[in-house]
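Enquirer: Sequence first, then the predicted structure, then my questions.
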Amino acid sequence: MRRTMISGLLALGLLALIPAEWVQAQQRPAHRRMRYSDWHEPQRRPRDFYQEPRRLFYMGAGPLVNIAVESANELSSLVESGGGAALFLGFRFNDYFGLEAGLTGSAHPTGLGAAPYSQGILHSASLDGKVFLLPDSRRIEPFVQIGFGGYGFFREGYEGLDLKGMGFHLGGGADFRIARRICIGTRALYRGLNLTNSTSWFDGREEVFQSLFSLEGNVQIQF
């Protein structure tokens with residue numbers, strides 16, 4: 001009896017010396033080969049690439065197309081559709097709201113009979129508020145914006161400022177993040193301009209409301 005008890009204790013002691021990993025390995029399905037990662041799972045680098053706070057400065061630039069809408073006022077035929085470039089600087093206060101200052105310049109042919117020259121340049125300086133619609137999205141950020149600005153239409157070569165005034169604009173777009181601090185963006189805006197004929201050269205008509213639709217693409221750098 002004593003010999004049997006001693007043998008049992010020796011057997012239990014040997015079982016205690018067997019590594020727990022070896023026991024677990026024997027319980028795995030026979031068809032699966034053991035891998036190094038079963039014992040040493042590598043620590044993956046956390047993907048915090050798109051998780052940075054949205055409180056930052058950004059600047060961007062890109063091509064711009066202004067599509068003019070002619071109204072019943074004959075002076076509105078002065079500014080026809082044209083294209084140019086946009087430059088802007090902005091700041092994101094939080095995930096939802098940002099403020100943006102912008103400059104645009106675009107060359108526009110003039111309507112037949114509306115001016116003694118064939119082309120002019122439309123400039124604007126504006127301030128916009130932007131509201132981001134999907135703050136949790138880190139790759140694609142749609143937004144809406146509204147703002148106002150000052151506008152001036154110069155003769156080609158900046159020989160004279162024929163139209164000047166204020167305007168408002170509203171619309172929206174989306175930014176697409178392609179790198180940690182680089183985005184490409186697109187937007188479409190309606191611009192309503194109240195312009196005054198500062199030189200009084202066109203049939204004595206002093207004021208006109210001009211409608212434009214702006215299409216823009218840009219590249220942004222965030223700081």
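Expert: Happy to help now that I have it.
Enquirer: As a check, name the ranges of all strands in the chain.
Expert: Ranges of strands in the chain, per DSSP state E, are 57-69, 82-92, 97-109, 119-132, 140-155, 161-177, 182-197, 207-222.
Enquirer: quick one: strands adjacent to the longest one?
Expert: What it means is strand 161-177. If you go by DSSP bridges, strand 161-177 pairs up with strand 140-155 (antiparallel), strand 182-197 (antiparallel).
Enquirer: how does the protein divide up, domain by domain?
Expert: 2-38, 57-222 (automatic domain parsing).
Enquirer: May I have the distance across the last one, first residue to last?
Expert: Chord length of domain 57-222, first to last residue, is 6 Å (CA to CA, to the nearest Å).
Enquirer: re the thing from before, between the strands of the chain, which one is closest to Leu75.
Expert: Nearest of the strands of the chain to Leu75, taken as CB to CB: strand 207-222 at 4.1 Å. Just so you know, the C-beta spots here come from the backbone N, C-alpha and C atoms, and that holds for glycine as well.
Enquirer: Can you list the strands that the closest one pairs with?
Expert: Paired with strand 207-222 in the same sheet, following DSSP bridges, are strand 57-69 (antiparallel), strand 182-197 (antiparallel).
Enquirer: could these go into TSV alongside mean pLDDT and mean neighbour count?
Expert: Putting the strands paired with strand 207-222 into TSV (pLDDT from 0 to 100; neighbours: other CB atoms under 10 Å) gives the following:
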stretch	mean pLDDT	mean neighbour count
strand 57-69	95	17
strand 182-197	93	18
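Enquirer: I'd like the ones you listed as a markdown table, with distance to Gln119 appended.
Expert: Below are the strands paired with strand 207-222 laid out as a markdown table (distance: least, CB to CB, whole Å):
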| stretch | distance to Gln119 |
| --- | --- |
| strand 57-69 | 13 |
| strand 182-197 | 17 |
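Enquirer: between these, which one is nearest to Gly173?
Expert: Of the strands paired with strand 207-222, the one closest to Gly173 (CB to CB) turns out to be strand 182-197, at 2.7 Å.
Enquirer: CA atoms of that closest one as PDB?
Expert: Output in PDB follows, covering the C-alpha atoms of strand 182-197 (Å, rounded to 0.1, in the frame of the first residue of the first chain):
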ATOM      1  CA  ILE A 182      -1.900  66.500 -46.800                       C
ATOM      2  CA  CYS A 183      -5.400  66.700 -48.200                       C
ATOM      3  CA  ILE A 184      -7.000  67.200 -51.600                       C
ATOM      4  CA  GLY A 185     -10.300  69.000 -51.700                       C
ATOM      5  CA  THR A 186     -13.100  70.000 -53.900                       C
ATOM      6  CA  ARG A 187     -16.000  72.400 -53.500                       C
ATOM      7  CA  ALA A 188     -18.800  74.200 -55.300                       C
ATOM      8  CA  LEU A 189     -20.000  77.700 -54.300                       C
ATOM      9  CA  TYR A 190     -22.700  80.100 -55.400                       C
ATOM     10  CA  ARG A 191     -21.500  83.700 -55.400                       C
ATOM     11  CA  GLY A 192     -23.900  86.600 -55.400                       C
ATOM     12  CA  LEU A 193     -22.100  89.900 -56.100                       C
ATOM     13  CA  ASN A 194     -23.500  93.400 -55.800                       C
ATOM     14  CA  LEU A 195     -21.200  95.400 -58.100                       C
ATOM     15  CA  THR A 196     -21.000  99.100 -58.800                       C
ATOM     16  CA  ASN A 197     -19.800 100.600 -62.100                       C
END
